[in-house]
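Visitor: Need coordinates for the below:
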Amino acid sequence: MESRRGTQRSACKRSDWRLTVALLGLIAAGCAETSSTPVTGQDPPDVSAPLGDPCKYEGTPGATSTCLAPTWPSEYYAEQASKYFDTLDIDASPDSIPNYAEDVARWEWPPWLLLTGYGRQSLLDTAVVLRLEDPSTVPIRDCRGFDTQPFARCYVVFEYEEGPCPIYEEFTFNEAGDMTFIEAWSDLPDLRPQGDPDDPWGEHDSLGRLSTRVPGLGASDGTLDLASEAMLSSSAEDPEVADFALRASDWATYWFEALAASDPDFFAVGCGW
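Guide: A predicted model of the protein is given here:
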């Protein structure tokens, strides 16, 4: 949803392309810095059932996020998550920015556009453009800290001109307290990940999280190596990890391809309008 939305008005379709052009200019230089060797030369594979949340590759640079324990109070993680929404809220200070890791990734499940940011500068740049071209506020926020990854989880409501957009979002951190992975779902029936109403924060269910399956997020600094042995091994077992690694190898290209292939009403679907 932080990616550019479509609307049902013809004027907004022109705005889509204006934003696309603006984003292309902003991120063109950054793409070379965050790109690396693709895991596979194939098209993104179809996704499959989640594999759960085990700690894998513990003690290695490919460790998964659940291998880490929190190093900061829960209030810190909740505050950092709220600062993320400040970057997308025109009523918030533009100086309120979370502590992003250099290769922080943002993954938004359908109907959103999957990998919509990779690298600290890409998130900073797209936030600036979205505040100008697609303004929103985020007045409703319930962000909480947790003892297991993802250390911050939030229920929020974005307010756009067309109406409210409810979102469930999670945030993964490294040992230094830097945000390494952002994962978002629509908080609507058939789109939200929680299958159990008694488990609203996904404490007893894996939710199919991608953040807990990407190798490297559980290393002390949470740095990702898209061509590492752990990434290759996990990609061979898990099509969603393979899809992430492929998109991350050239995130802007795959993001714009996803935008071009999306339903014109995908934003309305995701927000429930």
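Visitor: which residues in the chain form strands?
Guide: Listed in chain order, the strands found in the chain under DSSP state E are 100-108, 114-118, 137-145, 152-160, 163-173, 179-186.
Visitor: Take the ones you listed and lay them out in CSV including distance to residue 214.
Guide: From N, CA and C alone the C-beta is placed, and that goes for glycine too. Written out in CSV, the entries for those read as follows (distance: least, Cβ to Cβ, whole Å):
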stretch, distance to residue 214
strand 100-108, 8
strand 114-118, 11
strand 137-145, 21
strand 152-160, 17
strand 163-173, 9
strand 179-186, 7
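Visitor: how about TSV for those strands, with mean pLDDT, mean neighbour count and distance to residue 91 added?
Guide: Converted to TSV, the strands of the chain look like this (pLDDT from 0 to 100; neighbours: other Cβ atoms under 10 Å; distance: least, Cβ to Cβ, whole Å):
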stretch	mean pLDDT	mean neighbour count	distance to residue 91
strand 100-108	98	24	21
strand 114-118	97	25	22
strand 137-145	98	17	5
strand 152-160	98	21	10
strand 163-173	98	23	15
strand 179-186	98	25	20
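Visitor: Between those strands, which one is closest to residue 67.
Guide: Comparison of the strands of the chain against residue 67 by Cβ to Cβ identifies strand 163-173 as nearest, at 11.5 Å.
Visitor: Tell me where the model's unsure across the stretch 1-150 of the chain.
Guide: Counting by pLDDT under 70, the stretch 1-150 of the chain shows low-confidence ranges at 2-52.
Visitor: all helices in it, in order from the N-terminus.
Guide: Per DSSP state H, counting those that start in this stretch, the stretch 1-150 of the chain has helices spanning 10-34, 74-86, 120-133. These are given in chain order.
Visitor: thinking again about what came up before, so which of the strands of the chain comes closest to residue 53?
Guide: The minimum distance between residue 53 and the strands of the chain falls on strand 163-173, with 11.7 Å, by Cβ to Cβ.
Visitor: For that closest one, C-alpha coordinates in CSV please.
Guide: Presented in CSV, the C-alpha positions along strand 163-173 are these (Å, rounded to 0.1, in the frame of the first residue of the first chain):
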residue,chain,number,x,y,z
GLY,A,163,-11.3,6.9,2.6
PRO,A,164,-9.6,4.8,5.2
CYS,A,165,-7.2,1.9,4.4
PRO,A,166,-6.6,-0.6,7.3
ILE,A,167,-3.3,-2.3,7.4
TYR,A,168,-1.5,-4.9,9.5
GLU,A,169,2.3,-4.4,9.4
GLU,A,170,5.3,-6.1,11.0
PHE,A,171,8.9,-4.9,11.5
THR,A,172,12.1,-6.9,12.0
PHE,A,173,15.3,-5.5,13.6
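Visitor: so it versus strand 152-160, what angle?
Guide: With axes from the mean of the first three to the mean of the last three Cα atoms, to 10 degrees as the criterion, the two stretches strand 163-173 and strand 152-160 enclose an angle of 150 degrees.
Visitor: tell me the angle of strand 163-173 relative to strand 137-145?
Guide: Relative orientation of strand 163-173 versus strand 137-145 (the same axes, to 10 degrees): 30 degrees.
Visitor: Who are the packing partners of strand 163-173?
Guide: Other helices and strands packing on strand 163-173, by 3 or more Cβ pairs under 8 Å, 6 or more residues apart in numbering; DSSP states H and E, are helix 74-86, strand 152-160, strand 179-186, helix 266-271.
Visitor: and the second one, what does it pack onto?
Guide: With contacts defined as 3+ Cβ pairs under 8 Å, 6+ apart, the secondary structure elements packing on strand 152-160 are helix 74-86, strand 137-145, strand 163-173.
Visitor: Which one, of the strands of the chain, ends up nearest to residue 241?
Guide: It's strand 100-108; of those, that one is closest to residue 241 (Cβ to Cβ) at 11.0 Å.
Visitor: other SSEs contacting the closest one?
Guide: strand 114-118, helix 120-133, strand 179-186, helix 239-249.
Visitor: now those in TSV, with distance to residue 264?
Guide: TSV is the format used below for the helices and strands packed on strand 100-108 (distance: least, Cβ to Cβ, whole Å):
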stretch	distance to residue 264
strand 114-118	18
helix 120-133	17
strand 179-186	17
helix 239-249	22
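Visitor: Nearest to residue 268, out of these?
Guide: With Cβ to Cβ as the measure, strand 179-186 is the member of the helices and strands packed on strand 100-108 nearest residue 268 (11.1 Å).
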